[in-house]
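[1] any chance you could fold what I've pasted below:
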Amino acid sequence: MGSGGLMGKGWLCGTQNQLNFVPERHTDFIFSVIGEEWGLLGALAVVFLYYMIVRRAFIISTQTSDLYGKCIAIGIGVLFAFQVIINISMTIGLMPVVGIPLPLISYGGSSLIATLVAIGLLVNVCMRRSTF
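    All right, here's what the predicted structure looks like:
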């Protein structure tokens, strides 16, 4: 993560990644690959995009009048936030490795399907909201 610097080493030019020093680089440690190849700016861009998803989930929860829709939106926002926080924390060494994937980025079909279903539910709550 720290070898990427500010701008990174470039696409597929990360030495830690390409020389297999990072275990499970396509699943659990994908954020370290992003940090090495895209640098601090790329890593911050990814974190900002996750922030926007979580923020939008909480905005949807405040705009809907249905209690069930509020619970769904808040739950999806918290789910995304915890997955991102835990994955990034274990990648940079603040937490033990637990195997939680980074949503929408890590390799894995079941995680991607579950994430897309959650986003679909969030879009449905947003579409059917009614504020009186």
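[2] run a quick neighbour tally on residue 128.
    10 (other CB atoms under 10 Å). (Glycine included, C-beta is placed from N, CA and C.)
[3] which phi and psi values does it adopt?
    Dihedral angles of residue 128 (phi, psi; degrees, to the nearest 10) stand at phi -100, psi 10.
[4] neighbours of the closest residue in space to it that isn't next to it in sequence, how many?
    Once flanking residues are discounted, residue 128 sits nearest to residue 69: 7.2 Å by CB to CB, 6 or more residues apart in numbering. With neighbours defined by other CB under 10 Å, the count for residue 69 comes to 21.
[5] so what does the helix or strand containing residue 89 touch, helix or strand wise?
    Secondary structure assignment for residue 89, by DSSP states H and E: helix 67-91. In terms of contacts (3 or more CB pairs under 8 Å, 6 or more residues apart in numbering; DSSP states H and E), helix 67-91 is packed against helix 30-63, helix 109-127.
[6] residue 115 against residue 104, yeah?
    Yes - the criterion here is CB atoms under 8 Å, and residue 115 meets it with residue 104 at 5.7 Å.
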